[in-house]
Structures are given as C-alpha cells and as structure tokens.
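A.B. asks: Quick one, structure for this:
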Amino acid sequence: MKKSKFIDWIDSLLDKSVDKMVRREERYNKRISEIEPDGTGKVDKLWVLKWCLFMPIIILLSIPILSVISAMSIGWWIKYHRSDEWYETRESQKKEVNFYWEKHFKKRLSLLKILCEVIREVFLINFFLVLTLFGCFLLFLLTITIGPKTCRDSDRDEKRLSELRQENANKGG
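C.D. replies: Coordinates of the predicted model:
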C-alpha cells in the first residue's frame, strides 16, 4: 500500500515536470514563431545577425540626427537671447530695479556680461553635445548587450528544444 502511494507521488512529480517541459516548449515555439513565422521551430540565425547589424546602423544614423536637433536647439537659444526683444526686456527690468552701481562700473559690467554670456553659450553647447554623445553611448551599450545575449539565448533554447524532442521520441518509441 505504501509503495503504491510512493509510486503515485513519483508519477505526479513526473507529470508535473513533463507539463513544465511542455509549457516551456510551447513558450519557446511562440517565441520562435515571432522570430520565424513559418513555424519550422528553428532559430533563424540570419535574423539574429540582421538584428546585431541593424542596431549599430541605427546608432550611426542617430548620431547626425541628434547632432542636428541639438544644434537647432542651441541655435534657437542663441537667436532668442541675442534678439532685440530679449535685450529690451532685460533693459526694462534693469530700469525697474535701478542698479546704482551699474553707472559706476559700466565698462567692467559690460565685459562681465559678455564673459558670462560666452560661458553660458559654451556651457549650453557642450551640454547638448555631451548629452548627444551620452545617448549614442547608451545605444551602443544596448546593442552590445542585446545582440550577443540574443544569439546565446537562441543557441541555448535550440539545444534544449532538441533535447526535449529527443526525450519525447525516446519515451514514445
């Protein structure tokens, strides 16, 4: 009586493990069908290779696009801050505040203003360029990490799937 309970318990464990393997195979087949719609069950290594080549091309194309966007935003910022409207609002604000010391140190103040604007513009240009380069670096890291991982996962999954099919064939025959 005890042996039959033990055997039933072992059978239930085996059934659970077989169910898990079947579910894994179904998930794998679903992933494969997303990659290779013809349903052959084989990983298209050419697809993985295309993906690994496609990401660096995207990165190379995104560098000039991001550079143009950052240059346009910098150009807009410089154009806006050099416009007469901006200076008029600045002058009206200065008149409202009525800086007494501006009259005495006008030459020094104008040099200081020019220096501050140059530093601000250079900082802004460098900030956008660094931001662009950082974005490209992140895209490059993404390419490096996703590409090889996809290749390794597909090889491992294909090997595991062939083992499962072999086991199922051995059990059936």
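
A.B. asks: Going by C-alpha atoms from here, please, whenever you check contacts or count neighbours.
C.D. replies: Noted.

A.B. asks: Where does the closest residue to I63 other than its chain neighbours sit, in terms of helix or strand?
C.D. replies: Counting by CA to CA, 6 or more residues apart in numbering, I63 lies nearest to C136, which is 6.6 Å off, once chain neighbours are set aside. According to DSSP states H and E, C136 maps onto helix 106-172.

A.B. asks: can you tell me how far the residue nearest to I63 sits from L115?
C.D. replies: With the distance defined as CA to CA, to the nearest Å, C136 ends up 31 Å from L115.

A.B. asks: who has more neighbours, the two?
C.D. replies: The neighbour count for C136 versus L115, taken as other CA atoms under 10 Å, is higher for C136 (18 against 12).

A.B. asks: ok, back up a step: wouldn't the residue nearest to I63 be in contact with L61 here?
C.D. replies: No: in this structure, C136 is not within contact of L61 by CA atoms under 8 Å, at 10.1 Å.

A.B. asks: Break the chain down into its structural domains.
C.D. replies: 1-42, 45-172 (automatic domain parsing).

A.B. asks: what does the model give I144 for pLDDT?
C.D. replies: As predicted, I144 sits at a pLDDT of 68.

A.B. asks: Please apply the same query to W51.
C.D. replies: 67.

A.B. asks: same thing with the one 4 residues further on?
C.D. replies: The per-residue pLDDT reported for M55 equals 71.

A.B. asks: i'd like the first residue to be 41 from this point on
C.D. replies: Understood, numbering begins at 41; the last thing we discussed is M95.

A.B. asks: That one and I103: what is the separation?
C.D. replies: 13 Å.

A.B. asks: One more: N166?
C.D. replies: 15 Å.

A.B. asks: again with S110
C.D. replies: Distance from S110 to I103, by CA to CA: 11 Å.

A.B. asks: the more surrounded of those two?
C.D. replies: S110 (19 against 15).
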